[in-house]
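Visitor: just need the structure, nothing else, for what follows:
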Amino acid sequence: MKSYTVLTAILLWSFAALSQASECAILLHGLARTADSMSQLEQRLEQQGYKLVNVDYPSTTMPIAELADIAVGAGIAQCQADHTSAINFVTHSLGGILVRQYYSVHKPQSLHRVVMLGPPNNGSQVVDRFKHMPAYKWLNGPAGMQLGTDSNSVPSNLGPVNFDLGVIAGTQSINPILSSFLPNPDDGKVSVASTKVEGMCGFVALPVTHPLMMRNKTVIDEVVSFLTSGQFTSPQASNYCHQ
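Guide: Residues are numbered from 1 along each chain as shown. Below is the predicted model of the structure:
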């Protein structure tokens, strides 16, 4: 009887591992960053059995719509080439807006779950303050100019999400000057309030900063939790879709 129980446990574990291994996770970095910034997430999700596509895209060279087609499209194409059964996204900052932009004009076929870290889902007042300065455009490019809070910004015109989304916001800042232009609490680039979007399934605010949140162990643990179960685990988290 004992050997039967052990065999059953092994078979169940093997089935779960195979099921997860058939899923793809696409990583999209933020504005003026590179795929290297998502390396710790990449390593952890590979350990969890996901097929990883860490997309390195030219975030400061094109408008958001073009970047979405290039970056999101490339990630999906790689997942399909690997014959994975489902697609997930983990994004930082601008990367989340690219996913929203892409799925505002494409049906979310084979899309399982999305986790966004510090997404400016309602734009950022930092952009409002600095976008008219030549140095800002030079550093952040066309996409950076589109991330304000006015009615013409891209985030303001994307509407509710049409996929299973978890959002992780940061509440600490290493840049008090930028934070002075943001409603508190904020992560130094985006306010907590601005990260939220209609239709999201989970939300949690953690004591992390915008530039470093993707390297934080607690954040990474929450990413894994949402991708695998559809829920965040922190006591302060809100889970709306998978109670």
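Visitor: burial measure for residue 83, as a count.
Guide: 9 (other Cβ atoms under 10 Å). Yep, even glycine has a C-beta here, placed from its N, CA and C like the rest.
Visitor: and it, that one's in a strand?
Guide: No. Counting by DSSP: H, G, I helix; E, B strand; the rest coil, residue 83 falls outside a strand, being coil.
Visitor: against residue 66, how distant is it?
Guide: 28 Å (Cβ to Cβ, to the nearest Å).
Visitor: low-scoring stretches of this structure, by residue?
Guide: 1-21, 242-243 (pLDDT under 70).
Visitor: quick one: the helices in it, in order.
Guide: 2-21, 39-47, 64-81, 94-103, 125-130, 134-145, 176-179, 192-195, 217-229 (DSSP state H).
Visitor: of all these, which one is nearest residue 111?
Guide: helix 94-103 (7.4 Å; Cβ to Cβ).
Visitor: can you list the neighbours in contact with the closest one?
Guide: Under the criterion Cβ atoms under 8 Å, 6 or more residues apart in numbering, residues 27-31, 59, 64-65, 67-69, 71-73, 89, 91, 111, 114, 116-117, 119-121, 143-144, 147, 154-155, 158, 161-163, 197 lie in contact with helix 94-103.
Visitor: dump stretch 227-243 to CSV, keeping only the CA atoms.
Guide: Extracted C-alpha coordinates of stretch 227-243, given in CSV (Å, rounded to 0.1, in the frame of the first residue of the first chain):
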residue,chain,number,x,y,z
LEU,A,227,1.5,32.6,-12.8
THR,A,228,0.9,29.2,-11.2
SER,A,229,-2.3,29.9,-9.1
GLY,A,230,-3.8,33.1,-10.3
GLN,A,231,-3.4,34.7,-6.9
PHE,A,232,-0.8,36.7,-4.9
THR,A,233,0.1,35.4,-1.4
SER,A,234,1.0,38.5,0.6
PRO,A,235,-1.5,39.4,3.4
GLN,A,236,-2.0,42.8,1.9
ALA,A,237,-2.8,41.5,-1.6
SER,A,238,-6.2,41.7,-3.3
ASN,A,239,-7.3,38.8,-5.4
TYR,A,240,-10.4,39.4,-7.4
CYS,A,241,-10.9,36.6,-9.9
HIS,A,242,-9.7,33.4,-8.3
GLN,A,243,-11.2,33.3,-4.8
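Visitor: buried residues, it. List them.
Guide: Using 16 or more other Cβ atoms under 10 Å as the test for burial, stretch 227-243 gives 227-228, 230-232, 237-239.
Visitor: so can I have CSV of these showing distance to residue 186?
Guide: Shown next, in CSV, are those (distance: Cβ to Cβ, whole Å):
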residue, distance to residue 186
227, 26
228, 29
230, 27
231, 25
232, 20
237, 19
238, 19
239, 23
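Visitor: ok, of the contacts of helix 94-103, which come out buried?
Guide: The neighbour count (16+ other Cβ under 10 Å) marks 27-31, 59, 64-65, 67-69, 71-72, 89, 91, 111, 114, 116-117, 119-121, 143-144, 147, 154-155, 158, 161, 163, 197 as buried among those.
Visitor: in strands, which of those residues fall?
Guide: Mapping the buried ones among the contacts of helix 94-103 onto strands (DSSP state E) picks out 27-28, 89, 91, 111, 114, 116-117.
Visitor: I'd guessed residue 42 sits against residue 27; true?
Guide: Yes. The criterion here is Cβ atoms under 8 Å, and residue 42 meets it with residue 27 at 6.0 Å.
Visitor: joint contacts of those two?
Guide: The contact lists of residue 42 and residue 27 share 52, 54, where a contact means Cβ under 8 Å, 6+ apart.
Visitor: for stretch 45-62, what is the distance to the chain centroid?
Guide: Between the mean C-alpha location of stretch 45-62 and the chain-wide mean there is a distance of 11 Å, by Cα atoms, centre = their mean, to the nearest Å.
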